[in-house]
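Q: Test case, fold it:
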Amino acid sequence: MISVISQDKRPVRIPPEYVQYAEKHSIFRLAQTLLKALIIDRPDDPLTYLIDYLENDYFNSSSLFILGPKCSGKHTLSELLSLELRRVVLTAEDIFKLCPEGPVS
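A: Coordinates of the predicted model:
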């Protein structure tokens, strides 16, 4: 059971099945993606923006991989495309964090 402690209230206990459900349905990834989109785009009406974001099926769109040697501008290009296409940039470090057991051999 996960506990969240507030200074002015008693601990909130979250049953393990809630966390399992959130992980199974990628709720944490969804929340992170939506928050990143809000912070990047800063819409005047966040609720309408989020509804549009979800209705336009941005999560099932194509992926773009940028490969190249060191110092070739991959990061700069990725950041520019991220802003233009409203996509999230994942670095190699981000991907390795998602695979805590390490590379598959």
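
Q: From now on I want contacts and neighbour counts done on CA atoms only, so please keep to that.
A: Fine.

Q: Can you give the distance of the longest helix seen in the chain from its chain's centre?
A: What stands out as the longest helix in the chain, according to DSSP state H, is helix 27-41. Distance of helix 27-41 from its chain centroid, counting by CA atoms, centre = their mean, to the nearest Å, is 6 Å.

Q: May I see the buried residues of it?
A: Buried residues in helix 27-41, counted by 16 or more other CA atoms under 10 Å: Leu34, Ala37, Leu38.

Q: mind putting the residues you listed in TSV, distance to Lys74 and pLDDT included?
A: Output for the buried residues of helix 27-41, formatted as TSV (distance: CA to CA, whole Å; pLDDT from 0 to 100):
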residue	distance to Lys74	pLDDT
Leu34	24	88
Ala37	21	83
Leu38	24	88
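
Q: and this protein, what are its domains?
A: 10-61, 62-105 (automatic domain parsing).

Q: Show me where the chain dips below the pLDDT cut-off.
A: Scanning the chain for pLDDT under 70 picks out the ranges 1-7, 57-61, 100, 102-105.

Q: And the strands in it, which stretches?
A: 2-4, 12-14 (DSSP state E).

Q: And the last one, what does it pack against?
A: If I follow you right, that is strand 12-14. strand 2-4 (3 or more CA pairs under 8 Å, 6 or more residues apart in numbering; DSSP states H and E).

Q: Now do the same contact list for Asp94.
A: Asp94 sits next to no residue when contact means CA atoms under 8 Å, 6 or more residues apart in numbering.

Q: what about it, distance to Leu85?
A: Asp94 sits 20 Å away from Leu85, going by CA to CA, to the nearest Å.

Q: cool, Thr48 as well?
A: 19 Å.

Q: Kindly report the same for Asp44.
A: Distance from Asp44 to Leu85, by CA to CA: 19 Å.
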